[in-house]
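> okay, here's the prediction I keep looking at, along with the sequence it came from:
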Number of protein chains: 2
Amino acid sequence: MTLTGHMLIGQHTVAGNRDAIRGLDPATGTALEPAYFGGSAEHVEQACALAWAALDRYRETTLSARGEFLERIAEEIEGLGDELIDRATSETGLPRARLLGERARTCQQLRMFARTVRAGEWLDVRVDPAQPQRQPLPRSDLRQRQIPLGPVAVFGASNFPLAFSVAGGDTASALAAGCPVIVKAHGAHPGTSELVGRAVARAVKACDVPEGVFSLVYGSGRELGIALVSDRRIKAVGFTGSRSGGLALIQAAQARPEPIPVYAEMSSINPVLLFPAALHQRTPALAEGFVASLTLGAGQFCTNPGLVIARQGPALDAFVGRVAERLQHSPAQTMLTPDICSAYKAGVNALAQNSRARIAASGQIAGGPNACQAHVFVTDAADFLTDHSLQAEVFGAASLIVQCASDAEIRQVIEHLEGQLTTTLQLDDDDLELARSLLPTLERKAGRLLVNGWPTGVEVCDAMVHGGPFPATSDARTTSVGSAAILRFLRPVCYQDFPDSLLPSALKQANPLHLRRLFDGQREASIHAE
Amino acid sequence: MTLTGHMLIGQHTVAGNRDAIRGLDPATGTALEPAYFGGSAEHVEQACALAWAALDRYRETTLSARGEFLERIAEEIEGLGDELIDRATSETGLPRARLLGERARTCQQLRMFARTVRAGEWLDVRVDPAQPQRQPLPRSDLRQRQIPLGPVAVFGASNFPLAFSVAGGDTASALAAGCPVIVKAHGAHPGTSELVGRAVARAVKACDVPEGVFSLVYGSGRELGIALVSDRRIKAVGFTGSRSGGLALIQAAQARPEPIPVYAEMSSINPVLLFPAALHQRTPALAEGFVASLTLGAGQFCTNPGLVIARQGPALDAFVGRVAERLQHSPAQTMLTPDICSAYKAGVNALAQNSRARIAASGQIAGGPNACQAHVFVTDAADFLTDHSLQAEVFGAASLIVQCASDAEIRQVIEHLEGQLTTTLQLDDDDLELARSLLPTLERKAGRLLVNGWPTGVEVCDAMVHGGPFPATSDARTTSVGSAAILRFLRPVCYQDFPDSLLPSALKQANPLHLRRLFDGQREASIHAE
């Protein structure tokens, strides 16, 4: 397929008329063809009008039709074959194997949402049948279902050009909920975005859903994104990226006459707690596991282990020594974009110049144009508690080890942390008592707690939580990965004393969708009509 | 019980040191004893510190212990007997029968949340067991449950001194979720608040839950409330009241270093659609039902029918005529407070002076100090679409009838509406087609749709939605009435590869809470261990 450099507004290919965006091969610094010209307010208007026009029909598609649509998107993406992988490799510098895995994950994610849609639990159907004889007042017939919020604006991430981008988790869950989606393509992978966007548009056509269900727009800077979030027809926002970018969208969303929810996944340093027995008994393995997680993908994961917390002493010294040994063999890796690379260098420099931290380990010196040299710093708990800047996320392969003088200080350090996506506990049996005592604090700080693993690697499943208290995300009540992500785009509606013929099918007496409802206060054990 | 005029900070009775608040009998204008002196920043600090100290223990109370606590609160409120009803009557001017009903509803609500807590569905337990053999990568064991957000600040409403106040729906649902609660008493019923607050405090003691689980503070103006919402230990807010009050709290909540969710139920005019066949065939009954709903409780309900939409013509003229006949016999009723009464008069005056509206019906002239004369105005759709001020809520027994020239204009008027708590459809069989065509629009505008009823009267049950798009509430994804209100105060946490001994009981392999989990992608049909 020849890349056009154009936007997709519904089924229409539309050329932008603002500044050009170009993909860049970060490994070579070469600009890639074609140029993608940014959209204007008029393009936002067109996409929003189409999305609005699509809403009422799309949100009443049958569960099976919506499931087929999601599956068809997956098939269309797979059908792109090597062209997609090749373009994504050029635009991101990510290894081919990683992108093959990410494509599989993206398609699996779409298929998971298809299953979730068909199961229908997200409709959360509740029926309280009429009680005409009740005293002192009769009860009306009351029925509740969930309906989609409306059109959703999605802002993809640079670090997952497939799984958190055009047809990533935000798009898949919003479409699953019945929301039309307008994606603002990430400027770091415009060609990958066009390829995937066209795959989605083909699925739209093949499945005969209204064309406004999907649009893809481009824009450099924040102007187009703010215009999109400010449009009255947009009813929710999904975003994965920087804290400043997320906060700008939240501000725009709250300044609207009708404020709307923003699901922004922003910033997390993913503390790893090395408990005493585990640290003592598994020093080399922990050091190796840590370095592997730290340097995976040049450290460009939201769940990168940017903070290690442990008791000071010989075991921690040994750990640090081993980390230094391993890290010095760790090659510099190409980062996704020049901006990310310079932000990484600035973050590392700030730590290097901070008298409260000292450098303890470094990877191989960076060679290529956007290469990232890994670094590990050490600080003391007292310093960490004093200097808030030590909590700043350094996106890339950098981490800070916090040495604590006592268990009490460990607790203090944890209480002092901002909200996180993950917290990791490296522990052995002898550590269980201490871990148990810290658990309530840890639960208050993070969306996912892991034992004896590493935070990088996020399973797409029902039980996943990729979320957490601010500033990890803007809404701790939700997850952006896993089937529960669909719940972000729904709201309840109650129907009182409706004639059966006017009820949506999810609520009809005959229960045609075969749902296990909450009926008269009881969850139905099997599927039946009234 | 002698009223003390003091706040309750945990189990301690504490005298305020700021401006005095006094209950007022609105029927006579008489100030009531004792004076309640407002709290300071120090009292907010004390209550928040206690709530924070209580959180980790309270949120892990067993489901049955938490259920018993909620039931005990209901018993303690019932145990207040006539003293509560007498005081509430004096402070609100509401009829005794209404307050007896409201007390029953309040206690039933607490008992419903006790049942909801015990059923445990709100924990939304999801288990994806490990798949060590999976290719290309093994799957970890992943388990999700919901945990409470943390301490909640509750701001009660003036118009429901029991059901939406100290131990009302916000408090009951937050306590059910496992959140400590700090209530800011509404200044319109300080004595009623003290009585109920002491009942809750007695239940806290009797059930041996940590004392910080409940505090009750007083404060005139907005200073104390803003201090409460701004405290770092408060993690969510429940509010029922005016749009300006709600927006002030939202602003404070968003200005925090860690923004928090605010569930504000603010402003709704609850449109009633009179469909042609129903209007033609049931003119007198509709007029009577409308007047009864409009004037119920001096119109002081969030669900008061403040807007009527219908096709112009003889049937609507007959309806208006019948409304005028009925309303002229409707006595003026005492409103809750002088402030509410003067706001009502200002709203009515604004309509009376608006050249786009004309007065069509009025109740009996007001006599007593805070009495409310009912009014019904009429306008044309074209005027309504032009003048946004005609959508302003006039809290009290006032309503506006919008005459539409066509079905298309009806649709335009509905699309033009702000978000609503309710929309009512008065329809007969011949109206079904038109109703069906308007339904998608109506669903987008309101949280509850009623057929052939009146919006006043909100059932406390599983299927209720008392919520809706902004400005009806600040969060259309939720309801403040009914068992789903518990979901507002929860967030998911995922536990990855945890040893069974470290897992919370909701997630342990033996399934000791007997939950029907979402296990490996399937909802368990019966309760079993792994």
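Sure, I can see it.
> domain ranges for chain A?
Following the assignment in automatic domain parsing, chain A carries domains at A:8-266+A:479-487, A:271-451.
> which of those is buried the deepest?
domain A:8-266+A:479-487 (a mean of 22; mean count of other C-beta atoms under 10 Å in any protein chain shown). Heads up, the C-betas are built off the backbone N, CA and C, glycines and all.
> quick one: is it near chain B?
Yes: Domain A:8-266+A:479-487 is in contact with chain B by C-beta under 8 Å from any C-beta of the partner chain, via A:55-56, A:60, A:101, A:115, A:119, A:121, A:124, A:126-128, A:136-137, A:139-140, A:142-144, A:147, A:149-150, A:250, A:254, A:258-259, A:261, A:479, A:484.
> tabulate the domains of chain A (TSV), appending mean pLDDT.
Output for those, formatted as TSV (pLDDT from 0 to 100):
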stretch	mean pLDDT
domain A:8-266+A:479-487	97
domain A:271-451	97
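> can I get these in JSON lines with distance to residue B:387?
JSON lines is the format used below for these (distance: least, C-beta to C-beta, whole Å):
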{"stretch": "domain A:8-266+A:479-487", "distance to residue B:387": "16"}
{"stretch": "domain A:271-451", "distance to residue B:387": "45"}
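> which one of these lies closest to residue B:47?
For residue B:47, the closest of these is domain A:271-451, at 19.0 Å, according to C-beta to C-beta.
> do the closest one and chain B meet?
Yes: judged by C-beta under 8 Å from any C-beta, domain A:271-451 and chain B are in contact via A:418-419, A:432, A:435-436, A:439-441, A:443-444, A:446-451.
> farthest-separated two in these?
A:418 and A:432 (26.8 Å).
> just to revisit the earlier point, so which of the residues of domain A:8-266+A:479-487 next to chain B belong to strands?
A:126-128, A:142-144, A:147 (DSSP state E).
> closest to residue B:514 out of these?
For these, the nearest to residue B:514 is residue A:126 (21.2 Å; C-beta to C-beta).
> name whatever forms a beta bridge with that closest one.
With DSSP bridges applied, residue A:126 shows beta-bridge pairing to residue A:144, residue A:518.
> residues contacting it?
Contacts here follow C-beta atoms under 8 Å, 6 or more residues apart in numbering or on different chains; on that basis residue A:126 touches A:142-144, A:517-519, B:462-463, B:484.
> which of those residues sits closest to residue B:188?
Using C-beta to C-beta, residue B:484 comes nearest to residue B:188 of the contacts of residue A:126, at 28.1 Å.
> which residue packs closest to the closest one, ignoring adjacent ones?
residue A:492 (6.4 Å; C-beta to C-beta, 6 or more residues apart in numbering or on different chains).
> the one you found and residue B:447 touch, don't they?
Yes: applying C-beta atoms under 8 Å, one finds residue A:492 in contact with residue B:447, separated by 7.0 Å.
> next, show the common contact partners of the two.
What both residue A:492 and residue B:447 touch, as defined by C-beta under 8 Å, 6+ apart, is the set B:465, B:467, B:479.
> among those, which are within reach of chain A?
Okay, of the shared contacts of residue A:492 and residue B:447 touching chain A (C-beta under 8 Å from any C-beta), that's B:465, B:467, B:479.
> for residue A:214, see how far away the closest residue to residue A:409 other than its chain neighbours is.
Among residues not flanking residue A:409 along the chain, residue A:381 sits closest, at 4.5 Å (C-beta to C-beta, 6+ apart). In this view, residue A:381 and residue A:214 are 50 Å apart by C-beta to C-beta, to the nearest Å.
> cool, and residue A:318?
54 Å.
> again, but for residue A:500
Taken as C-beta to C-beta, the span from residue A:500 to residue A:214 is 34 Å.
> with residue A:510 instead?
Distance from residue A:510 to residue A:214, by C-beta to C-beta: 33 Å.
> what's the answer for residue A:449, then?
Counting by C-beta to C-beta - residue A:449 and residue A:214 are separated by 36 Å.
> what about stretch A:447-460, distance to the chain center?
Distance of stretch A:447-460 from its chain centroid, counting by C-alpha atoms, centre = their mean, to the nearest Å, is 14 Å.
> keeping just the C-alphas, turn that stretch into CSV.
Presented in CSV, the C-alpha positions along stretch A:447-460 are these (Å, rounded to 0.1, in the frame of the first residue of the first chain):
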residue,chain,number,x,y,z
GLY,A,447,-2.8,0.0,40.7
ARG,A,448,-0.8,-3.3,40.4
LEU,A,449,1.3,-5.1,43.0
LEU,A,450,3.7,-7.8,41.9
VAL,A,451,5.6,-10.4,43.9
ASN,A,452,8.9,-11.7,42.7
GLY,A,453,8.5,-10.4,39.1
TRP,A,454,9.4,-7.2,37.3
PRO,A,455,7.0,-4.5,36.4
THR,A,456,7.7,-4.4,32.7
GLY,A,457,5.3,-6.7,30.9
VAL,A,458,1.6,-6.0,31.2
GLU,A,459,-0.8,-8.9,30.5
VAL,A,460,-4.0,-8.1,28.6
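> for residue A:273, what are phi and psi?
Taking degrees, to the nearest 10, you get phi -100, psi 120 for the backbone angles of residue A:273.
> doesn't residue A:18 fall inside a helix?
No: using DSSP: H, G, I helix; E, B strand; the rest coil, the secondary structure at residue A:18 is coil, not a helix.
> and it, what does it touch?
A:37-40, A:219-220, A:224.
> also residue A:253?
A:229, A:237, A:259-262.
> quick one on the thing from earlier: now the two most distant members of the contacts of residue A:126.
Maximum distance among the contacts of residue A:126 (C-beta to C-beta): 14.8 Å, for A:519 and B:484.
> returning to what we had before: report pLDDT for the residue nearest to residue B:484.
pLDDT, residue A:492: 98.
> and residue A:529, by the same measure?
Looking at residue A:529, its pLDDT is 71.
> wait, doesn't it sit right on residue A:514?
No: with contact defined as C-beta under 8 Å, residue A:529 and residue A:514 do not form a contacting pair (9.4 Å).
> neighbour count for these two, which is higher?
Legend: neighbour count by other C-beta atoms under 10 Å in any protein chain shown for residue A:529 and residue A:514, higher for residue A:514 (12 against 9).
> quick one, what contacts the more buried one?
Taking C-beta under 8 Å, 6+ apart, one finds A:120, A:527 in contact with residue A:514.
> what of the one 4 residues further on?
Contacts here follow C-beta under 8 Å, 6+ apart; on that basis residue A:518 touches A:124-127, A:524, B:121, B:462-463.
> show me where the stretch 401-530 of chain A has strands.
According to DSSP state E, counting those that start in this stretch, the stretch 401-530 of chain A carries its strands in the segments A:420-426, A:446-451, A:490-496, A:518-519, A:522-523.
> residue B:368 is nearest to which of the ones you listed?
Closest to residue B:368 of the strands of the stretch 401-530 of chain A is strand A:490-496 (C-beta to C-beta; 34.9 Å).
> tell me which strands and helices the closest one is in contact with?
Strand A:490-496 is packed against strand A:142-148, strand B:446-451, with contacts defined by 3 or more C-beta pairs under 8 Å, 6 or more residues apart in numbering or on different chains; DSSP states H and E.
> so residue A:413 makes contact with residue A:379?
No: applying C-beta under 8 Å, one finds residue A:413 not in contact with residue A:379, separated by 10.3 Å.
> touching both of these two, which residues are there?
The contact sets of residue A:413 and residue A:379 overlap at residue A:402 (C-beta under 8 Å, 6+ apart).
> phi, psi of the closest residue to residue A:25 other than its chain neighbours?
For residue A:25, ignoring the flanking residues on the chain, the nearest one in space by C-beta to C-beta, 6+ apart is residue A:90 at 5.0 Å. Dihedral pair for residue A:90: phi -60, psi -40, per degrees, to the nearest 10.
> what's the answer for the one 5 residues further on, then?
Taking degrees, to the nearest 10, you get phi -60, psi 150 for the backbone angles of residue A:95.
> just to confirm, which helix or strand has the closest residue to it other than its chain neighbours in it?
Counting by C-beta to C-beta, 6+ apart, residue A:95 lies nearest to residue A:89, which is 7.7 Å off, once chain neighbours are set aside. Assigned by DSSP states H and E, residue A:89 belongs to helix A:82-92.
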